[in-house]
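K.L.:
let's see this in three dimensions:
(chains A, B, C and D)
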2 protein chains.
Amino acid sequence: MTDTAPRPTLEAVAARAGVSRATVSRVVNGGDGVRDVLVERVRKAVDELGYVPNQAARSLVTRRHDAIAVVVAEPETRVFADPFFAHQLRGISKELTAHDNQLVLLLTEGRDDHARVGRYLAGGHVDGALVFSLHLDDPLPELIQRAGIPTVFGGRPGWSGDRREVVYVDSDNRGGARDAVRHLAGLGRTRIAHITGALDQTSAADRLDGYRDVMVDADPRLIAEADFTPAGGERAMHELLERCPDVDAVFAANDLMASGALRVLRGSGRRVPDDVAVIGFDDMRPVAEQTDPPLTTVRQDIEEMGRLMARLLLRGLDRDAPREGVGATPSSVVLPTTLVRRGSA
Amino acid sequence: MTDTAPRPTLEAVAARAGVSRATVSRVVNGGDGVRDVLVERVRKAVDELGYVPNQAARSLVTRRHDAIAVVVAEPETRVFADPFFAHQLRGISKELTAHDNQLVLLLTEGRDDHARVGRYLAGGHVDGALVFSLHLDDPLPELIQRAGIPTVFGGRPGWSGDRREVVYVDSDNRGGARDAVRHLAGLGRTRIAHITGALDQTSAADRLDGYRDVMVDADPRLIAEADFTPAGGERAMHELLERCPDVDAVFAANDLMASGALRVLRGSGRRVPDDVAVIGFDDMRPVAEQTDPPLTTVRQDIEEMGRLMARLLLRGLDRDAPREGVGATPSSVVLPTTLVRRGSA
DNA sequence: ATGAAAGCGCTAACAA
DNA sequence: TTGTTAGCGCTTTCAT
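P.N.:
All right, here's what the predicted structure looks like:
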């Protein structure tokens, strides 16, 4: 491990270039209104000294940090089991990088952490926040409101009774679910079951709604509640098989659960898709492409969601942005989904 | 999105509490040597005003940021296909959180990004860096050295000819590989093949070495070079089958490749483990537990690696830490692995 | 086009 | 124990 050496300051550069600190500052920040000769001299001094501006000092006066926080509020370890999270992060990172912003990652491990996150957000370390994985009863939005920091949510926040306008990016969970179920119906299936996700998340609730849109008076026994995990999918599939042995199709609210269902189906001696057709949601390639048979699923562009969230937030932060008219206050976005056909349906 | 309100300063709190700024500062930073009455008064004022210290101002004088950067230098999108990354991150996050440090995530997307990362690290935004996924020819270590910032590497860095002492955390790749191959040999297998990872990463090279340790004069045709991806595993397995149809065991350098190999094996009509035994590496549960048959594999405690990296870095940063004696300069750590037996071998 | 000077909000000597 | 004071390194009026 190396030890930190003392860094040159603006002052040092100014001395070396034979100009004032103000001039160096101007050059460092774009150099408008400074004679070319001086710009050159200053640049040279900067290079020779290896000068890098001290962000703390800069932020102290500009009140900007060029950093945004990504808050992943997932009490469970689930986030880490699926690549969803990583993809979003990647999209966010790309967009932020393109705008010279840094990404500060805040992972919360349960209730105790919320206070810490709240403090951090309120502490003026970052210019804005991107918040994920909210459950209905999550106290985080409240904290964030209090922190008074611009925020974009990932996924439609579910809490009700909130008057404030929130900005979020979500995919069309309901529409995607409809497409999936319609596809199954189009295959001639009539006993189409649904394995739900954790219903305290809007994504799960919306997918269930989509299922119901198509299966208007579905046998309630065809709906099994689960939690987005493979084990949950297995459990739900067992239930379903027991309650309705005549089930001929299953729409699972994500790929992980679908893969669990697939295993149970195989174990029960049923062939997929011949006896029972299966559709998942997410299109997580490592999962969906490697089940047997490969999974037909509803794809959402996760990385794009991340990118969009970042873009929305940055736009809202932009001081020169138009305060009214088109694109003034960013508003929520819902991205379309597409059905990807593979072997399972 | 909410707009930011002007925050109260130390000054304001001092005025309200009827004390000096210095006293408020003391209270805010622990409150030693301040009379209880005043501590109380100040705390009250802080609460009433909703005062939160301005980090920029604080860092400017303390030169600490209580933030460390995590640099993930993975040109490929591979990081995002496997949960490895997320697990490390989680371990790191936990440890940092426990020490009131923030995590700044720096994702690099290829060469162009390196300069940006270098600038950031040199910019004095963070107190230290945790760096991952180095390839042999990676320019990042060089940049980091120049930035002169304390660093701990994840995985043994492979570049040679570097005199400086580097601190890293790695798992015992070579030993783990030996265990795996010995297990296969113990099963009576004699034609044991190896599918390597990307050999420009030390983890892959070390696992290959471990394989060779046991298979001292292995038929070179039993070694197929791949790249840690499932597709690479499939390709390698095809090669292997073609070159050595009598292969009776395969040790793949990670679970993803092992799952690919499993598919090819099944496709070729071979039974696992009866005809060919298979062992992976990593113990990525979502993968290893859900292959058919479930994968026997070498487990490494990824989260612990992350935690350890953070701990090492923080210890090195600690100003009050003993500069000599036990635990003075942190040194590298290699964590043990364990063989997890499932169905495939 | 350039420089002088005033602070941004905080901590840390030093005095009292 | 508490207050006074001098900066930390930078940006930004305001003069020149």
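
K.L.:
by contact count, what packs against the least confident helix or strand in chain A by mean pLDDT?
P.N.:
In chain A, the helix or strand scored least confidently by mean pLDDT, DSSP states H and E is helix A:140-147, which has a mean of 77. Applying 3 or more Cβ pairs under 8 Å, 6 or more residues apart in numbering or on different chains; DSSP states H and E, we find helix A:140-147 packed against strand A:67-73, helix A:112-122, strand A:128-132. Where you see a C-beta, it was placed from the backbone N, CA and C, and this is true even at glycine.

K.L.:
can we see that at 10 Å?
P.N.:
Helix A:140-147 is packed against strand A:67-73, helix A:112-122, strand A:128-132, strand A:151-154, with contacts defined by 3 or more Cβ pairs under 10 Å, 6 or more residues apart in numbering or on different chains; DSSP states H and E.

K.L.:
now render those as a markdown table, adding mean pLDDT, mean neighbour count and distance to chain B.
P.N.:
Shown next, in a markdown table, are these (pLDDT from 0 to 100; neighbours: other Cβ atoms under 10 Å in any protein chain shown; distance: least, Cβ to the nearest Cβ, whole Å):
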| stretch | mean pLDDT | mean neighbour count | distance to chain B |
| --- | --- | --- | --- |
| strand A:67-73 | 88 | 24 | 8 |
| helix A:112-122 | 80 | 17 | 5 |
| strand A:128-132 | 91 | 24 | 8 |
| strand A:151-154 | 92 | 25 | 6 |
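
K.L.:
TSV for those, including distance to residue A:172?
P.N.:
Formatted as TSV, these follow (distance: least, Cβ to Cβ, whole Å):
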stretch	distance to residue A:172
strand A:67-73	23
helix A:112-122	29
strand A:128-132	18
strand A:151-154	15
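
K.L.:
do stretch A:134-149 and DNA strand C meet at all?
P.N.:
No. Remark: stretch A:134-149 sits outside contact range of DNA strand C, by Cβ under 7 Å from any atom of the strand, the gap being at least 14.9 Å.

K.L.:
identify each buried residue in that stretch, please.
P.N.:
For stretch A:134-149, burial by neighbour count (16 or more other Cβ atoms under 10 Å in any protein chain shown) applies to A:134-135, A:138, A:140-141, A:143-144, A:147, A:149.

K.L.:
need the three-state assignment for residue A:174.
P.N.:
At residue A:174, secondary structure determined by DSSP: H, G, I helix; E, B strand; the rest coil is helix.

K.L.:
repeat for residue A:206
P.N.:
helix.

K.L.:
burial count for it?
P.N.:
Using other Cβ atoms under 10 Å in any protein chain shown, residue A:206 has 23 other residues around it.

K.L.:
and the least confident helix or strand of chain A, how far from the chain's centre?
P.N.:
The chain centre lies 18 Å from the centre of helix A:140-147; the measure is Cα atoms, centre = their mean, to the nearest Å.

K.L.:
what of stretch A:166-178?
P.N.:
12 Å.

K.L.:
can you give me the helices in chain A?
P.N.:
Along chain A, the segments classed as helices by DSSP state H run A:10-17, A:21-28, A:36-49, A:55-62, A:84-98, A:112-122, A:140-147, A:173-186, A:202-214, A:230-243, A:255-267, A:285-288, A:302-317.
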